[in-house]
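Engineer: structure here, sequence nowhere to be found:
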């Protein structure tokens with residue numbers, strides 16, 4: 001009978017589920033079943049993508065420890081890494097009048113912009129759904145160019161200096 005080991009993934013650990021030792025994979029010394037392993041790897045990939053994006057935004061070689069700490073705090077408060085990425089993207093690129101705080105202060109202050117970001121993306125999604133299936137019809141209007149080049153008021157103000165009176 002194969003030995004059973006504990007899975008530390010989010011789907012198994014709260015319920016105390018154990019798996020065969022042959023079926024689990026290790027990450028940082030912890031065992032994960034295939035389902036939890038995929039989830040953890042995807043989450044790590046999203047976190048690394050967020051770190052790289054923040055380093056690019058702040059023009060740093062890598063994310064500072066304080067920024068990483070703030071990301072961890074936001075993640076523990078219930079925000080996924082995708083939502084944190086969207087928040088930073090909204091504050092940095094979409095909301096033009098908002099100045100990002102200096103990197104030495106971290107990004108925790110950006111969480112104040114979260115309700116506004118959610119409202120922006122909801123409105124964007126609503127307008128996209130509203131316009132779904134609609135077609136932009138092209139209408140060509142032909143305008144007589146002589147009408148715009150002939151300015152009677154301007155011509156009445158021009159004086160010919162060579163004219164003999």
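Structural biologist: Everything's here; your move. Remember, predicted model here, so these are calculated numbers, not experimental data.
Engineer: tell me the centre residue of the chain?
Structural biologist: When Cα atoms, centre = their mean is applied to the chain, the residue found nearest the centroid is residue 86 (2.8 Å).
Engineer: contacting residues for that residue?
Structural biologist: For residue 86, the contacting residues are 117, 121, by Cβ atoms under 8 Å, 6 or more residues apart in numbering. Placement of C-beta: from N, CA and C, glycine included.
Engineer: mind listing what's buried in the helix or strand where it lies?
Structural biologist: Using DSSP states H and E, residue 86 sits in helix 81-89. Under the neighbour-count criterion of 16 or more other Cβ atoms under 10 Å, helix 81-89 has 81, 83, 84, 85, 86, 87, 88 buried.
Engineer: what's the first helix or strand after that helix?
Structural biologist: Using DSSP H and E, the helix or strand that follows helix 81-89 towards the C-terminus is helix 114-130.
Engineer: rewinding a little: now the residue nearest to the centre of the chain: how far from residue 80?
Structural biologist: Distance, residue 86 to residue 80, by Cβ to Cβ, to the nearest Å: 9 Å.
Engineer: swap in residue 88?
Structural biologist: 13 Å.
Engineer: swap in residue 16?
Structural biologist: Distance of residue 16 to residue 80, computed by Cβ to Cβ: 25 Å.
Engineer: now swap in residue 102 and tell me
Structural biologist: Using Cβ to Cβ, residue 102 is found at 26 Å from residue 80.
Engineer: and these two? Which one has more around it.
Structural biologist: Taking other Cβ atoms under 10 Å, residue 102 and residue 80 do not tie; residue 80 has more neighbours (12 against 8).
Engineer: need the contact list for that one.
Structural biologist: Residues in contact with residue 80 (Cβ under 8 Å, 6+ apart) are residue 46.
Engineer: same question, residue 49
Structural biologist: Counted by Cβ under 8 Å, 6+ apart, residue 49 has contacts 81, 85.
Engineer: what's the pLDDT at it?
Structural biologist: We have a pLDDT of 95 for residue 49.
Engineer: now residue 35
Structural biologist: Checking the pLDDT column for residue 35, the value is 92.
Engineer: quickly find the element holding it.
Structural biologist: Residue 35 is located in helix 34-57, with elements delineated by DSSP H and E.
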